[in-house]
Structure formats: C-alpha cells, structure tokens
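S.K.: One predicted model, sequence on top.
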Amino acid sequence: MSLKKFVSTCIGIVVGGIAGWLINSATVGKYNVINATCSVINAAVDNKLLAQDQVRSLGQASQKHLLNTAAGDAFQLDEQQIQAASTHSNCSQFMVGMSSH
C-alpha cells in the first residue's frame, strides 16, 4: 500500500468515525435515552410505584438535575409539541415536565 493510500484511508476512517458519532448523538442516542426512560416510567406506573398524576412532576424534578446534559436535552419539546402532548401518555407527560422552564 502506498503512503498516499494509507493516509487517505486513515483520514477516511477518522472522518467516518466523527460523522457516525455525530449522527448517533443526534438521533439513535437520543431515542435510546427516551425509550429507556419511558419504559421505566411506564413500569413504575403499572406497578403502582408512581401515580400517573405524578409523572409530570417527576419530569419537572428531573429537569432540574439534568439541565444542559445530553439526557436532559433529549426530552426537550417546543411549545407546539407541549400543546399536542397526550394527557394519557406517561411518556408525553414526563417530557412535558422535562420541557417546563
């Protein structure tokens, strides 16, 4: 392998790795955090460890601890999404709580 091909391959691997990390952080990582959290919240409500009317308050309390973190940022909704959030969905109500300022 010539030096030029080797350098090109190394640059391609680095650029590809960075692009993959950015895509994962912006999409897959965000949805993995949301999916895991919503699963835990639903299990807590189903097992009566948390009342359904407390889910939004849990989101508000969690937002204070997760402010400016990747996990906290994953749950941020804009005003239109907050207005459209289902009152019957534990996950939606948690996200509304997390989006409260």
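M.R.: On my side now, so go ahead. Everything numeric in this text was worked out from a predicted model, so none of it was measured. Residues are numbered from 1 along each chain as shown.
S.K.: and the gap between residue 65 and residue 72?
M.R.: Look at residue 65 and residue 72: by C-beta to C-beta, to the nearest Å, they are 8 Å apart. Where C-beta positions appear, they are placed from N, C-alpha and C, glycine not excepted.
S.K.: So between the two, which is more surrounded?
M.R.: residue 72 (17 against 9; other C-beta atoms under 10 Å).
S.K.: now residue 29: how far from residue 36?
M.R.: In terms of C-beta to C-beta, residue 29 sits 11 Å off from residue 36.
S.K.: Pick out whichever of these two has more residues nearby.
M.R.: Ranked by neighbour count (other C-beta under 10 Å), residue 29 and residue 36 place residue 29 first, with 15 against 11.
S.K.: which residues touch that one?
M.R.: 70, 74 (C-beta atoms under 8 Å, 6 or more residues apart in numbering).
S.K.: Now for it, which secondary structure element holds it?
M.R.: For residue 29, the host element (DSSP states H and E) is helix 29-46.
S.K.: same question for that helix, mean pLDDT?
M.R.: When pLDDT is averaged along helix 29-46, the result is 92.
S.K.: Same question for stretch 13-23.
M.R.: 88.
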